[in-house]
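Undergrad: no FASTA, just this:
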């Protein structure tokens, strides 16, 4: 294999691929990045079985062929090359993998390309197109709510639900639940659900452009899902198991509806939350009363904090306590200058809505506090 | 104690003091920051016995007094306060330490101020004034060469030597040695040496202004040294022991003198060093020959790298190998567009000089390589 390409193209592609290389590879080949030069482009692959990524960059190919080298060293070496022109020359006989740029010459140890578990591209299954802007919004407003507890795998991913022309994403760690919805151009008769690992969705957010929305083609089978843009093909193993019926967690009605200024409330909860942070439940107490919310925390080993913020309270006064991080996480993704918190009583779940995104809702279970 | 002050003053002072609070305090009081309000200022102290810092900020003092609260929480709380006006109120009876700013009210747990080991200010010993610009240059060009090996304490600090009107700083980890010199306005008859912990010198670099050089008053006893500027008083325990005679490490003459472009050589050694990094001695080989230097590294588990850079060679050709990090560390602090490397043979120490700073010299022991 021998090809020349631009350093900037190679750096970008290998940086993306590098994130899909296993941190703790089970076999040496899994620490590698696969390269395949053919016609007038270079294909780059990386996978750790959960996630797989495949990219193409333009290249002047002198000798087609493939090779696998250590992802870590390839990334470091390519980033540091002195010139914009890079030539890669791999001799399958001697196994010598050479990278030349300007007066720099590198030789990296190579692995057997035939051993590499090449990414299998999905050709069947349900297929739809969605704008990267819609997809990024779905992800941004939900995946933060996933669980990190590996003993309950379904909660470490987000539910992707197709129903009619709606595409929904839902994530929960049992104590809080984020639901977001986007629209598709096409419509499906049958409802289908898939559970996608959080890490794959975050990678998808990384690799899709936020400036210029692009079309993403999504293909789904029972066990895999792929996301394809003009530049990148991303494939994900799906999480097996039954995601609970999230609709049952949404309270049908509320007795109190509070409208708050997002930035002010976020800043106040951040401050008061400082004191709560090292306590067991990271609890902030909220008292909604007389046109304001009194926010407080009390930590026997640190001290106390309290602050008041104006609030428009529609309904009964209420005292309630939440995990400060669960509140802060959602406040950071609210777009509106104001948001609405709907409550019943101090033991019942609350709902948070963003006027700038009607289809989004966040359900938050209160923390039970001593009276 | 009750006072009001500006948030920005308090944040800056507590941030500096916070770096001198022990990471792993031996007693609870050592996790605290000491505050003393009197007349029209607030004094702030922090120490971990090795380093001690004392600062003053303007304050409107309503009730003089002192208090000690957790350094960590004080830093976090103060940084986050909503308004520029801060009021602190401490009741010695109830031990309640209150911080108010705008609609935010914090209460932090306090410790017994009488238990705090207040910083003892040095009033005797050798005293001299030095510009912060001179002091910062002395530190910047030497402390990187200190050892991190705590079993040989003298090498974890830098030697400060006063001789005539010269102030010298010397640091070594046995394999490399950095010597830098500045001039004083006064002159001393007797030569004196002190070993100052690296950490204190780095803190001194942090707290002295680089934009506007200021006068620093240095006071030295056998066991302590203090550095005083208009805003900060820093005190340091000195390291006991005998620093070796560094003059004997400087070769009296060299057979080869090489002039190299700093940026080009630094970039090339960085690249070639990538391959060496995970090997035992992190070795790069240099071959000076025919108007260029050939830089290479060879790591059986990663690969190879080589690069050539033009060099003006005055004297015999030579092959030599160095620890790549020891070369890179010094190249980063060279100010000149070019620098001079003086060599004898592949087993003898080399010297590196910066034409922009005559009094600086770096001695580097080569790595013995297999032929």
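TA: Perfect, thanks for sending it. Nothing here was measured: the structure is a model prediction, and the numbers come from that model.

Undergrad: look up phi and psi at residue A:272.
TA: Backbone dihedrals for residue A:272, given as degrees, to the nearest 10, come out at phi -60, psi -30.

Undergrad: looks like it contacts residue A:308 (just checking).
TA: No. No contact is recorded between residue A:272 and residue A:308 when judged using C-beta atoms under 8 Å, the distance being 10.4 Å. For the C-beta atoms, the positions are set from N, CA and C on the backbone; glycine is no exception.

Undergrad: so what's residue A:150 up against?
TA: Residues in contact with residue A:150 (C-beta atoms under 8 Å, 6 or more residues apart in numbering or on different chains) are residue A:156.

Undergrad: sec struct for it, please.
TA: Using DSSP: H, G, I helix; E, B strand; the rest coil, the secondary structure recorded for residue A:150 is coil.

Undergrad: phi, psi for it please.
TA: phi -70, psi -10.

Undergrad: picking that back up, more neighbours: residue A:272 and residue A:308, which one.
TA: Neighbour tally, residue A:272 and residue A:308, criterion other C-beta atoms under 10 Å in any protein chain shown: the higher count belongs to residue A:272, 26 against 18.

Undergrad: can you list residues touching both of residue A:272 and residue A:308?
TA: Among the neighbours of residue A:272, those also in contact with residue A:308 (C-beta under 8 Å, 6+ apart) are residue A:295.

Undergrad: and the helix or strand in which residue A:89 is found, what's buried?
TA: In this structure, residue A:89 sits in strand A:85-91 according to DSSP states H and E. Burial within strand A:85-91, assessed by neighbour count using 16 or more other C-beta atoms under 10 Å in any protein chain shown, is assigned to A:86-90.

Undergrad: again with stretch A:224-234
TA: By neighbour count on 16+ other C-beta under 10 Å, the buried set for stretch A:224-234 is A:224-229, A:232-234.

Undergrad: which single one of those is nearest to residue A:351?
TA: Minimum separation from residue A:351 among the buried residues of stretch A:224-234 (C-beta to C-beta) is found for residue A:225, which lies at 29.1 Å.

Undergrad: ok, the closest one to chain B distance?
TA: The spacing between residue A:225 and chain B, counted by C-beta to the nearest C-beta, to the nearest Å, is 36 Å.

Undergrad: ok, residue A:4 next?
TA: According to C-beta to the nearest C-beta, residue A:4 and chain B sit 19 Å apart.

Undergrad: so how far is the longest strand anywhere in chain A off the chain centroid?
TA: When every strand of chain A is counted residue by residue (DSSP state E), the longest turns out to be strand A:176-197. With C-alpha atoms, centre = their mean, to the nearest Å as the basis, the distance from the averaged C-alpha position of strand A:176-197 to the chain average is 16 Å.

Undergrad: now it: mean pLDDT?
TA: Strand A:176-197 shows an average pLDDT of 96 in the prediction.

Undergrad: next, the buried residues of that strand.
TA: Neighbour-count burial for strand A:176-197 flags A:176-182, A:184, A:194-197 (criterion: 16+ other C-beta under 10 Å).

Undergrad: could you point out which element follows it?
TA: Elements were assigned by DSSP H and E; along the chain past strand A:176-197, the next helix or strand is helix A:198-207.

Undergrad: quick one: contacts for residue A:48?
TA: For residue A:48, the contact set (C-beta under 8 Å, 6+ apart) comprises A:20-23, A:25, A:30.

Undergrad: ok, residue A:84 next?
TA: By C-beta under 8 Å, 6+ apart, the residues touching residue A:84 are A:6-8.

Undergrad: where neighbours are concerned, which of these has the most?
TA: Neighbour counts for the contacts of residue A:84 were taken using other C-beta under 10 Å; the highest belongs to residue A:7, with 18 neighbours.

Undergrad: inside strands: which ones of the contacts of residue A:84?
TA: In strands, judged by DSSP E, the following of those are found: residue A:6.

Undergrad: can you give me the buried ones in stretch A:12-23?
TA: Buried positions in stretch A:12-23, judged by neighbour count with 16+ other C-beta under 10 Å: A:13-14, A:16-22.

Undergrad: if you could redo that for stretch A:267-280, that was the one I meant.
TA: By neighbour count with 16+ other C-beta under 10 Å, stretch A:267-280 contains the buried residues A:267-269, A:271-276.

Undergrad: near chain B, which of those residues show up?
TA: Applying C-beta under 8 Å from any C-beta of the partner chain, the subset of the buried residues of stretch A:267-280 adjacent to chain B comprises A:267-268, A:271-272, A:274-275.

Undergrad: which of the residues you listed sit farthest apart?
TA: Distances among these were taken as C-beta to C-beta; the most separated pair is A:267 and A:275, at 14.7 Å.

Undergrad: rewinding a little: okay if I get the buried residues of stretch A:224-234 as JSON lines plus secondary structure and pLDDT?
TA: Rendered in JSON lines, the data for the buried residues of stretch A:224-234 read as follows (DSSP: H, G, I helix; E, B strand; the rest coil; pLDDT from 0 to 100):
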{"residue": "A:224", "secondary structure": "strand", "pLDDT": "97"}
{"residue": "A:225", "secondary structure": "strand", "pLDDT": "98"}
{"residue": "A:226", "secondary structure": "strand", "pLDDT": "98"}
{"residue": "A:227", "secondary structure": "strand", "pLDDT": "97"}
{"residue": "A:228", "secondary structure": "strand", "pLDDT": "96"}
{"residue": "A:229", "secondary structure": "coil", "pLDDT": "94"}
{"residue": "A:232", "secondary structure": "strand", "pLDDT": "95"}
{"residue": "A:233", "secondary structure": "strand", "pLDDT": "97"}
{"residue": "A:234", "secondary structure": "strand", "pLDDT": "97"}
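
Undergrad: pull up the residues of chain A that are close to chain B.
TA: Proximity of chain A to chain B is confined to A:70, A:73, A:76-77, A:80-82, A:97, A:103-109, A:267-268, A:270-272, A:274-275, A:301-309 under the rule C-beta under 8 Å from any C-beta.

Undergrad: mind checking which of those land in strands?
TA: A:70, A:97, A:104-108, A:303-309.
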